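Chemist: Provided below for reference: sequence and predicted model.
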Amino acid sequence: MAFTVTTEPREHRQLAVTIEVSKDQVDKELRKAAAKIASQYRIPGFRKGKAPYHIVVQQFGLNNLYSEFIDELGQKLFQEAIVQEAIEPYAQSSLEDIQLEPLTYRLLVPLEPEVKLGDYRTLRVDEDPVEIDEAEVERRLANYQDEYAGWHEVDRPSQFGDLLSADVRSVIVEGDDETVVLDEADWDITLDEENPMEPAGFDRELLGMRAGEEKTFTLGWPADSQSIYAGKEAQFHVKVNSVQGYEKPPLDDALAQLVGPDFNTLDDLRESIRESLRADEQNRVRSRYMDKVLDALIEISELDYPPAVIEDQIDAMLRDMDLRLRQYGLDGIRAFLRQAHQTEEQYREQLRPEATKIALRNLVLSEVIKQEGIEASEDDIEARIKQIVGVDESGEISESAAELADVLRSPGGRAMIISQVLTEKALSLLQALARGEEPPVFAPQTAAATSTSEAEAPVAADASGETTLPAAGDSE
């Protein structure tokens, strides 16, 4: 196919590619398009497929002929151009412009990032100490008190918040007539200062009563009350059968024994909480430390990368959030954005700072893996699969977990496993170096070992595995 290609480097690892199609090729494509249209539509004065080229142009217009082939031709030309110029796109290229006279495609192609690592073998990073927050220990103990709190009979006068069991009878006496308002036995009454019972004052009359005590009193309903007894008074007789208070257990050995059989004393429980907090804090410190190491490595390195690197990371974060929302029974990221009154573009910008951090850390980490020749052996892969799915007493994968293990051994699952193994090895190397410790020595790999190439899907490939050019009018 006759065409010429010119390239121009752009900043941030991008390449401007201009493809100019020869006039002969354009004429050939236009005539093919005219023949196709003539065979599909009846043109006055001609049988289908028999109208000459200039008549088809008059009837349908030259632009309509171009629209018949311009996208498909652009795809073919782009494929040939990247092979001819030995261009290796990092991600989907974007079409910047198309001109018809002469037919010219202008594209912007993202290229592989360039990472020049600093001297990470001499890089040293201080690690934060692991500190336990004693206030959090006490908060967790208080949570256990709340968990084991309950209603208990109390030998004291009643107070707001208590639960009373009482016999209550109230009557309205009008001359010789008597109207029974209440006649309840063992009636449960919660003394609530904020939401008192009717008539007003009933709760307060019960304050200070003990189990076994009786009391008679008179209360009335205001004239403007919504009650059917508005404007009337009733005599109440109350006998309190029991008073219960909602009480928390004291911080003592008995509470510890309630929490679990492993705790004989409160000190045992307190130390267990400390150990749990210490383990959590160690994980957080370790994670923060690795971020500090990678950020320090970024500071001493030179990174040049196309904007697609960050956009890809934002895409990944959106997909992850969409999946998590659906796992929680929600309608995905679009429903979330509608509820938050945000557009996707606004949310992308909100994610951009964190996405940039993650993407740059991944770039330097990938380069360390490459420079160190870190690989994942079949033993590494199988060990990680066992770690994920679990093993039985014999150390083998159980029948119930075999299906999940097979999924992880599939190409997609295997790539994920390899990525995890390579990342962990690289992080352990960087961590040891940053601490000034002897770095781990990875055993020489066999021919079956797998490097980053198998773990990474070709970013610039579509479902067919071919690099594609966006159709005219598409944007990236």
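Modeler: Thanks, I have it.

Chemist: so where's this protein uncertain?
Modeler: By pLDDT under 70, the low-scoring segments of the chain are 1, 443-476.

Chemist: Can you give me the domain assignment for it?
Modeler: As given by automatic domain parsing, the domain ranges for the chain are 3-111, 129-147+251-290, 150-247, 374-450.

Chemist: Can you say which of those domains is nearest to residue 297?
Modeler: Proximity to residue 297 (CB to CB) singles out domain 374-450 among the domains of the chain, at 7.2 Å. Heads up, the C-betas are built off the backbone N, CA and C, glycines and all.

Chemist: ok so, going back, which among the domains of the chain is found nearest to residue 361?
Modeler: When these are ranked by proximity to residue 361 (CB to CB), domain 129-147+251-290 comes first, at 8.7 Å.

Chemist: Could you tell me the end-to-end distance of the closest one?
Modeler: 14 Å (CA to CA, to the nearest Å).

Chemist: Run the chain-centre distance for it.
Modeler: Using CA atoms, centre = their mean, to the nearest Å, the distance from the centre of domain 129-147+251-290 to the centre of the chain it belongs to is 28 Å.

Chemist: for stretch 48-67, same thing?
Modeler: Mean-position distance between stretch 48-67 and its chain equals 53 Å (CA atoms, centre = their mean).

Chemist: For that stretch, give me every contacting residue.
Modeler: Under the criterion CB atoms under 8 Å, 6 or more residues apart in numbering, residues 30-31, 33-35, 37-43, 45-46, 100, 103 lie in contact with stretch 48-67.

Chemist: can you pull the buried residues of stretch 192-205?
Modeler: 199, 202-203 (16 or more other CB atoms under 10 Å).

Chemist: In helices, which of those fall?
Modeler: Among the buried residues of stretch 192-205, the members falling in helices are 202-203 (criterion: DSSP state H).

Chemist: Rebuild the buried residues of stretch 192-205 as TSV, extending it with distance to residue 157.
Modeler: Shown next, in TSV, are the buried residues of stretch 192-205 (distance: CB to CB, whole Å):
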residue	distance to residue 157
199	22
202	17
203	14
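
Chemist: Please identify the one among the buried residues of stretch 192-205 that lies nearest to residue 161.
Modeler: Taking these together and measuring to residue 161 by CB to CB, the closest member is residue 203, at 10.8 Å.

Chemist: The closest one is in contact with residue 193, isn't it?
Modeler: Yes - between residue 203 and residue 193 a contact is recorded at 7.3 Å, counting by CB atoms under 8 Å.

Chemist: Mutual contacts of those two, please.
Modeler: residue 160.

Chemist: quick one: the strands in this protein?
Modeler: 3-10, 14-21, 94-100, 103-110, 114-116, 150-153, 163-174, 177-190, 214-220, 233-247, 302-304 (DSSP state E).

Chemist: which of the residues in stretch 380-390 are buried?
Modeler: Taking 16+ other CB under 10 Å as the criterion, stretch 380-390 shows 380-381, 384-386, 389 as buried.

Chemist: Could you pull up the contacting residues of residue 204?
Modeler: residue 196.

Chemist: ok, now how distant is it from residue 161?
Modeler: For residue 204, the distance to residue 161 equals 14 Å [CB to CB, to the nearest Å].

Chemist: returning to what we had before: including distance to residue 354, could the domains of the chain go into CSV?
Modeler: Listed next are the domains of the chain as CSV, based on distance: least, CB to CB, whole Å:
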stretch, distance to residue 354
domain 3-111, 20
domain 129-147+251-290, 14
domain 150-247, 44
domain 374-450, 18
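
Chemist: wait, which of the ones you listed is closest to residue 310?
Modeler: Evaluated with CB to CB, the domains of the chain place domain 3-111 nearest to residue 310, the distance being 10.3 Å.

Chemist: how far does that closest one stretch from start to finish?
Modeler: Across domain 3-111, first to last residue, CA to CA, it's 22 Å.

Chemist: What number of residues are in the vicinity of the residue nearest to residue 430 when sequence neighbours are not counted?
Modeler: Distances taken as CB to CB, 6 or more residues apart in numbering place residue 293 nearest to residue 430, at 5.3 Å, with adjacent residues excluded. A count of nearby residues for residue 293, using other CB atoms under 10 Å, gives 23.

Chemist: Run through the helices of the chain in chain order.
Modeler: 23-40, 53-60, 62-84, 134-147, 202-206, 253-259, 266-299, 308-327, 332-340, 344-372, 378-389, 399-409, 411-435, 452-455.

Chemist: between the fourth one and helix 266-299, how big is the angle?
Modeler: Helix 134-147 and helix 266-299 are oriented at 130 degrees to each other (axes from the mean of the first three to the mean of the last three CA atoms, to 10 degrees).

Chemist: so helix 134-147 versus strand 233-247, what angle?
Modeler: Going by the same axes, to 10 degrees, helix 134-147 makes 130 degrees with strand 233-247.

Chemist: Show me what helix 134-147 is packed up against.
Modeler: Under the contact definition 3 or more CB pairs under 8 Å, 6 or more residues apart in numbering; DSSP states H and E, helix 134-147 sits against helix 253-259, helix 266-299.

Chemist: Make CSV out of these and add distance to residue 74.
Modeler: Below are those laid out as CSV (distance: least, CB to CB, whole Å):
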stretch, distance to residue 74
helix 253-259, 69
helix 266-299, 38
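
Chemist: Tell me which of those helices sits nearest to residue 362.
Modeler: Among the helices and strands packed on helix 134-147, if distance is taken as CB to CB, the winner is helix 266-299, at 8.8 Å.

Chemist: hmm, back to that, can you tell which of the domains of the chain is closest to residue 314?
Modeler: domain 3-111 (12.7 Å).

Chemist: The nearest residue to residue 154 once chain neighbours are set aside: what's it in contact with?
Modeler: Once flanking residues are discounted, residue 154 sits nearest to residue 245: 4.4 Å by CB to CB, 6+ apart. Contacts for residue 245 (CB under 8 Å, 6+ apart) come out as 151-152, 154, 156, 159, 161-163.
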